[in-house]
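Novice: quick check, what structure comes out for this input:
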Amino acid sequence: MAGKTQTFAMRRQLSLSHRLKLDGLPARVHAQGLGGSIAFTAAFGFVFLLYKDVAVWDGWVEAQEFSLRDYRQRVYADSVFRTRMNTWSNLPFIFVGCYVLALAWFDQARSLQLQRGYLAHTPPQSAIFGIAMIYTGLGSALFHGALTRFGHRCDVGAMYAAVFVLGGFCIGSWAPRVPRTRFKSWPIILAIVIAASIYFFVYKFDYSFGNVTRPVTWTLLAFVAVSLLQPGKSLQLRWFVAAVVMIGGGAYIRQLDIDRKFTGPDSIWQGHAIWHVMAALYYACLYAYFRSEERAAD
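Specialist: Here you go, the predicted model:
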């Protein structure tokens, strides 16, 4: 027992790349992450150049944001990107998603033990998070590009998916196996996340986003609190603190934009666009937080 405890204590002090299971990454992981990111960026550019001055959204039911103009940025009604920086700024979500998918594939190949952390041990959880991040980027880009009611449904539906996946991380780390069985819990968690995401996409306008996600947020906070006290488990709190700073700072800038106190309508520094970038960093930091987990041997 003393030897296992000593080994665990030593592992807690190892390098950042080791804690995040990023040491020894082959070039193909970066090629996949960057390649996917570049491909999506090129697709955005192609669509924008082809339909920059084409009223492709005529005939769609407009979201209230089209007429109320909640965002400071200028609206180009007869363009595929009706709000430009607010559309382009969703690419960071997709970049995070592409890299997480590449890491999931790599984790699947090397089969890390649970002692290296639940997330690295369970690549499907990373994969569904990567997909949720890409979904978030595309859903939000569709909303800000189109300013339609369907785009708004995709935007908020994607946010539900991302939040539910984070809740799944917490539950899976607490119970990596179904109690009193040898079966892994992640397929059940994954099925629940997908079902809940589909349900709230369909019935998005019947619920308040805050009321639905509040229990998941409290689950996340409870996980952080318990993990700080739980013997035999270590996570790097710095990543959670960084995530809180990112989401808090982004929300503040977003509100300045709504209050017309940030920049002009034609500036490239749009408050809502910066909110997108900081929200993507928020998710990246939370992913790093869960990925930093190390456990003592059973």
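Novice: from Gly249, how far off is the nearest residue to Ile247 once chain neighbours are set aside?
Specialist: The shortest distance from Ile247 to any non-neighbouring residue, by CB to CB, 6 or more residues apart in numbering, is to Tyr282 (4.3 Å). (Each C-beta comes from the backbone N, C-alpha and C, glycine too.) According to CB to CB, to the nearest Å, Tyr282 stands 9 Å off from Gly249.
Novice: in terms of neighbours, single out the busier of the two.
Specialist: Here Tyr282 and Gly249 are set side by side on neighbour count (other CB atoms under 10 Å), and the busier one is Tyr282, at 21 against 15.
Novice: isn't the residue nearest to Ile247 right next to Gly248, touching?
Specialist: No. Counting by CB atoms under 8 Å, Gly248 is not a contact partner of Tyr282; they are 9.1 Å apart.
Novice: neighbours around Ser17, how many?
Specialist: When neighbours are counted by other CB under 10 Å, Ser17 registers 11.
Novice: likewise for Val212?
Specialist: 17.
Novice: so which elements touch the helix or strand containing it?
Specialist: In the assignment (DSSP states H and E), Val212 maps to helix 209-229. Here helix 209-229 touches helix 149-174, helix 237-258, going by 3 or more CB pairs under 8 Å, 6 or more residues apart in numbering; DSSP states H and E.
Novice: please repeat the previous calculation with a cut-off of 6 Å.
Specialist: Applying 3 or more CB pairs under 6 Å, 6 or more residues apart in numbering; DSSP states H and E, one finds that helix 209-229 contacts helix 149-174.
Novice: please point out which parts of the helix it packs on sit buried.
Specialist: 149, 151-174 (16 or more other CB atoms under 10 Å).
Novice: what ranges do the helices span in the chain?
Specialist: All helices of the chain, identified by DSSP state H, fall at 2-12, 16-19, 27-51, 64-68, 84-88, 91-110, 118-121, 123-146, 149-174, 186-202, 209-229, 237-258, 271-291.
Novice: weakest of those helices by average pLDDT?
Specialist: Mean pLDDT per stretch puts helix 2-12 lowest among the helices of the chain, at a mean of 52.
Novice: contact partners for Leu235?
Specialist: Residues counted as contacts of Leu235 (CB atoms under 6 Å, 6 or more residues apart in numbering) are Ser227, Ser292, Glu293.
Novice: list just the nearest of those to Leu22.
Specialist: Ranked by distance to Leu22 (CB to CB), those are led by Ser292 at 10.4 Å.
Novice: report pLDDT for the closest residue in space to the closest one that isn't next to it in sequence.
Specialist: Spatial nearest neighbour of Ser292, excluding adjacent residues (CB to CB, 6+ apart): Gln236 at 4.0 Å. At Gln236, the model reports a pLDDT of 94.
Novice: ok, Gln236 - how many residues close by?
Specialist: Neighbours of Gln236 (other CB under 10 Å): 18.
Novice: wait, isn't it in contact with Glu293?
Specialist: No. Gln236 is beyond contact range of Glu293, at 8.7 Å (criterion: CB atoms under 6 Å).
Novice: hmm, back to that, and the helices of the chain as a markdown table, adding distance to Pro265?
Specialist: Listed next are the helices of the chain as a markdown table, based on distance: least, CB to CB, whole Å:
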| stretch | distance to Pro265 |
| --- | --- |
| helix 2-12 | 50 |
| helix 16-19 | 41 |
| helix 27-51 | 19 |
| helix 64-68 | 14 |
| helix 84-88 | 10 |
| helix 91-110 | 21 |
| helix 118-121 | 41 |
| helix 123-146 | 14 |
| helix 149-174 | 20 |
| helix 186-202 | 31 |
| helix 209-229 | 26 |
| helix 237-258 | 11 |
| helix 271-291 | 11 |
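Novice: who are the contact partners of Ile94?
Specialist: Residues in contact with Ile94 (CB under 6 Å, 6+ apart) are Phe40, Ile134, Gly137.
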